[in-house]
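Colleague: okay, structure incoming, though there's no sequence with it:
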C-alpha cells in the first residue's frame with residue numbers, strides 16, 4: 001500500500017497546471033498527476049495468521065533517494081510477486097520515466113531501496129506476476145520521454161517477460177497501443193511531463209517546448225492493467241477511453257459518457273513469448289540466489 005502527504009496548493013492557493021493535447025482542434029486532458037504537489041511513499045503489510053492480524057515491514061516507508069539527504073522522489077501504487085521462496089520483487093509507479101523496483105529476501109519484512117529498472121514508463125501503475133513456469137510477466141504503460149512530452153501519455157500498454165528473475169526483460173509486446181514500437185529505450189532518470197499545459201485564467205502562460213506540441217486526430221487512453229494468470233492463458237483487463245466529435249455541437253464525447261471504460265483480453269501464454277511455446281533462456285544466468293531456509 002502507500003501513503004501520501006503535503007499541501008494541495010501553496011500559500012497563494014495557486015493550483016497545479018493541467019496537461020493536455022489539441023485533438024481535432026479541441027483541448028483534451030492527458031493528466032496523470034504530472035504536477036501533483038503531494039509526496040507519496042510505499043510500505044508493506046503482511047499477515048502470517050490467515051489475515052487475523054497484520055504487520056508492517058520493519059524498515060520503514062520506501063521512497064526514491066536520488067541524492068543522499070538532498071533529493072527524494074515519490075513512489076506509489078506498488079505491485080509485487082514472489083520470485084523464489086522468501087524472495088519478493090516489487091515495482092512502483094513514479095514520475096521519473098521508468099518503473100522502479102525493490103527486493104525483499106525475507107518474505108516482505110525488509111526491502112531494498114527502490115532502484116530504476118530498464119523499463120520506460122509513464123507515471124502509471126504496473127502489474128507483475130509469476131507465471132506457472134517461474135518466469136515473470138510485467139504489464140505496464142510503456143512510454144518514452146519524447147512520447148510523453150507530445151501528450152502521448154498512457155497510449156501504450158505493453159508486456160515483457162523475464163526468464164532470470166527480473167534482471168533481463170525480453171519479448172516486448174503491445175497489449176494495446178497507438179504506436180508500432182513494442183520496446184521503448186528508457187531515457188534519463190528525471191521528472192517526465194508533457195510540454196503542452198496551461199494554468200488557470202489570470203496566471204502567466206507557461207514557457208512551452210514548441211517542438212513537442214503536435215495536433216492529433218485521434219487520442220486513446222488505456223491504463224491500470226489488472227492481470228490474472230491461469231495455466232495456459234492470461235487475462236488482462238484495463239481502462240480504455242477515447243474521444244469522438246459530437247454530431248451537432250462543437251464538443252468531444254468521452255467514451256465513458258457512452259457507458260464503457262474498460263477492455264478485457266484473454267491471451268494464450270505463448271503470445272507473451274512471441275507466439276512460441278515458453279522455454280528457458282540458456283544464455284541467462286539466474287539473477288538471484290534462492291533464499292536459504
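Modeller: Received the coordinates, thanks. Given the structure is predicted, the values throughout are model-derived calculations rather than measurements.
Colleague: quick one: the helices in the stretch 51-200 of the chain, in order.
Modeller: Secondary structure of the stretch 51-200 of the chain (DSSP state H, counting those that start in this stretch): helices at 145-149.
Colleague: figure out the helix or strand that the residue of the chain most remote from its centre lives in.
Modeller: Going by C-alpha atoms, centre = their mean, the residue of the chain most distant from its centre is residue 248, 37.1 Å out. Residue 248 is part of no helix or strand, with elements assigned from DSSP states H and E.
Colleague: any idea how far it lies from residue 142?
Modeller: Residue 248 sits 38 Å away from residue 142, going by C-beta to C-beta, to the nearest Å. No exception for glycine: its C-beta is placed from N, CA and C like everyone else's.
Colleague: can you give me the end-to-end distance of stretch 247-264?
Modeller: End-to-end distance for stretch 247-264, by C-alpha to C-alpha, to the nearest Å: 29 Å.
Colleague: residue 227: what's it in contact with?
Modeller: Residues near residue 227 by C-beta atoms under 8 Å, 6 or more residues apart in numbering: 127, 129, 137, 139, 234, 235, 236.
Colleague: I'd guess the last one is in a strand, am I close?
Modeller: Yes: counting by DSSP: H, G, I helix; E, B strand; the rest coil, one finds residue 236 located in a strand.
Colleague: OK, contacts around it?
Modeller: Contacts of residue 236 by C-beta under 8 Å, 6+ apart are 139, 157, 159, 175, 225, 226, 227, 228, 264, 265, 267.
Colleague: what sits opposite the third one in the beta ladder?
Modeller: What that stands for is residue 159. For residue 159, the beta-bridge partners are residue 139, residue 173 (DSSP bridges).
Colleague: my read: it touches residue 273, true?
Modeller: No: using C-beta atoms under 8 Å as the test, residue 159 is too far from residue 273 to be in contact (10.3 Å).
Colleague: quick check: neighbours shared by those two?
Modeller: residue 171.
Colleague: more neighbours, those two?
Modeller: residue 159 (24 against 17; other C-beta atoms under 10 Å).
Colleague: in contact with the more buried one, which residues?
Modeller: Neighbours of residue 159 in contact, by C-beta under 8 Å, 6+ apart: 137, 138, 139, 171, 172, 173, 174, 175, 236, 272.
Colleague: quickly find the element holding the closest residue to residue 3 other than its chain neighbours.
Modeller: Once flanking residues are discounted, residue 3 sits nearest to residue 41: 5.9 Å by C-beta to C-beta, 6 or more residues apart in numbering. Following DSSP H and E, one finds residue 41 within strand 39-42.
Colleague: report pLDDT for the closest residue to residue 45 other than its chain neighbours.
Modeller: Spatial nearest neighbour of residue 45, excluding adjacent residues (C-beta to C-beta, 6+ apart): residue 54 at 4.8 Å. Residue 54 carries a pLDDT value of 96.
Colleague: what about residue 54, how many neighbours?
Modeller: There are 10 residues near residue 54, going by other C-beta under 10 Å.
Colleague: same question, residue 90
Modeller: Neighbour tally, residue 90, other C-beta under 10 Å: 22.
Colleague: now the one 3 residues further on
Modeller: Applying the criterion other C-beta under 10 Å, we find 25 residues in the vicinity of residue 93.
Colleague: these two touch, right, it and residue 101?
Modeller: No: with contact defined as C-beta under 8 Å, residue 93 does not reach residue 101; the gap is 11.6 Å.
Colleague: any regions of the stretch 101-250 of the chain where pLDDT drops low?
Modeller: Along the stretch 101-250 of the chain, the model assigns pLDDT under 70 to no residue.
Colleague: what about 90?
Modeller: 198-210, 213-215 (pLDDT under 90).
Colleague: show me where it has its strands.
Modeller: 115-120, 127-130, 136-141, 156-162, 170-177, 197-198, 220-229, 233-245 (DSSP state E, counting those that start in this stretch).
Colleague: just put those strands in CSV and tack on distance to residue 77.
Modeller: Shown next, in CSV, are those (distance: least, C-beta to C-beta, whole Å):
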stretch, distance to residue 77
strand 115-120, 15
strand 127-130, 10
strand 136-141, 11
strand 156-162, 15
strand 170-177, 18
strand 197-198, 22
strand 220-229, 9
strand 233-245, 13
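Colleague: which one of those strands lies nearest to residue 19?
Modeller: Residue 19 lies closest, by C-beta to C-beta, to one member of the strands of the stretch 101-250 of the chain: strand 197-198, at 4.3 Å.
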